[in-house]
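> Sequence below, structure please.
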Amino acid sequence: MYQRDSKPKPIDRSSSALRPVKPCKATGAIFFCALALITSTNDALAGQWIEGQVTHVRDVDTIEVKNLPVRLNGVDGPELDEKGGRDGKRWMQKLVLHKPVKCWLNGDKTYDRWVGTCYEASGEDIGALAIGAGLARDCPRFSGGKYRQYETAASRKLPFHSYCR
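Below is the predicted model:
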């Protein structure tokens, strides 16, 4: 309890709370604050639906919804310089470019892309459609085999990337 006649305790000048902050420590604090902000922004899209028009198609397994890049989860599409890559991109452009889609983002990111499962306005899974059209493959490492049933003879002839094994 505070008593009126008690004398204040002398300040301990050796306390770390009173030492000047070195520039590198201040920079470190700023870095961690920025990292926390970025992390909280990333968490904001985890387990969330996004809806909007497809503004760009990068290839058969990556689209941009309202300029937000989305990698189709569990879909293994050929790169543009691989067999079927350009055909897959053209097909995906015809399917979804400038059309509304709805995507469930699982919170993962790969490079600059959010990972998610996207659906046409009709409710059809875009990844399943691409695989069923013979333009992509199931990526069981990430899909758990969800799309295997949609693979065709044509899709099984496409490159199978090692990250899907």
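
> drop to CA atoms for contacts and neighbour counts, all remaining ones
Noted.

> Just want the most central residue of this protein.
Closest to where the C-alpha atoms of the chain average out (C-alpha atoms, centre = their mean) is Trp114, at 1.6 Å.

> Past the helix or strand of the chain with the lowest mean pLDDT, which element shows up next along the chain?
Least confident element among the helices and strands of the chain, by mean pLDDT, DSSP states H and E: helix 23-44 (a mean of 50). Once the chain leaves helix 23-44, the next helix or strand it forms, by DSSP states H and E, is strand 48-59.

> Please save the CA atoms from that next one in PDB.
Extracted in PDB, the C-alpha atoms of strand 48-59 (Å, rounded to 0.1, in the frame of the first residue of the first chain):
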ATOM      1  CA  GLN A  48     -12.200 -18.100 -46.600                       C
ATOM      2  CA  TRP A  49     -14.300 -17.900 -49.700                       C
ATOM      3  CA  ILE A  50     -13.500 -15.200 -52.300                       C
ATOM      4  CA  GLU A  51     -15.800 -14.400 -55.200                       C
ATOM      5  CA  GLY A  52     -15.400 -12.300 -58.300                       C
ATOM      6  CA  GLN A  53     -14.500 -12.300 -61.900                       C
ATOM      7  CA  VAL A  54     -11.400 -14.000 -63.200                       C
ATOM      8  CA  THR A  55      -9.200 -11.200 -64.400                       C
ATOM      9  CA  HIS A  56      -6.300 -13.300 -65.700                       C
ATOM     10  CA  VAL A  57      -5.500 -16.900 -66.600                       C
ATOM     11  CA  ARG A  58      -1.800 -17.800 -66.100                       C
ATOM     12  CA  ASP A  59      -2.100 -21.400 -67.100                       C
END
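
> Okay, and the beta partners of the residue nearest to the centre of the chain?
Val70, Lys109 (DSSP bridges).

> Test my guess that it contacts Cys103.
No: counting by C-alpha atoms under 8 Å, Trp114 stays clear of Cys103, with 10.1 Å between them.

> Pull up the overlap in contacts between these two.
By C-alpha atoms under 8 Å, 6 or more residues apart in numbering, Trp114 and Cys103 have no common neighbours.

> Which parts of the chain are helices?
23-44, 85-96, 126-132, 140-143, 153-156 (DSSP state H).

> contacting residues for the residue nearest to the centre of the chain?
Leu68, Pro69, Val70, Arg71, Leu105, Asn106, Gly107, Asp108.

> where does this protein dip in pLDDT?
Counting by pLDDT under 70, the chain has low-confidence residues at 1-45.
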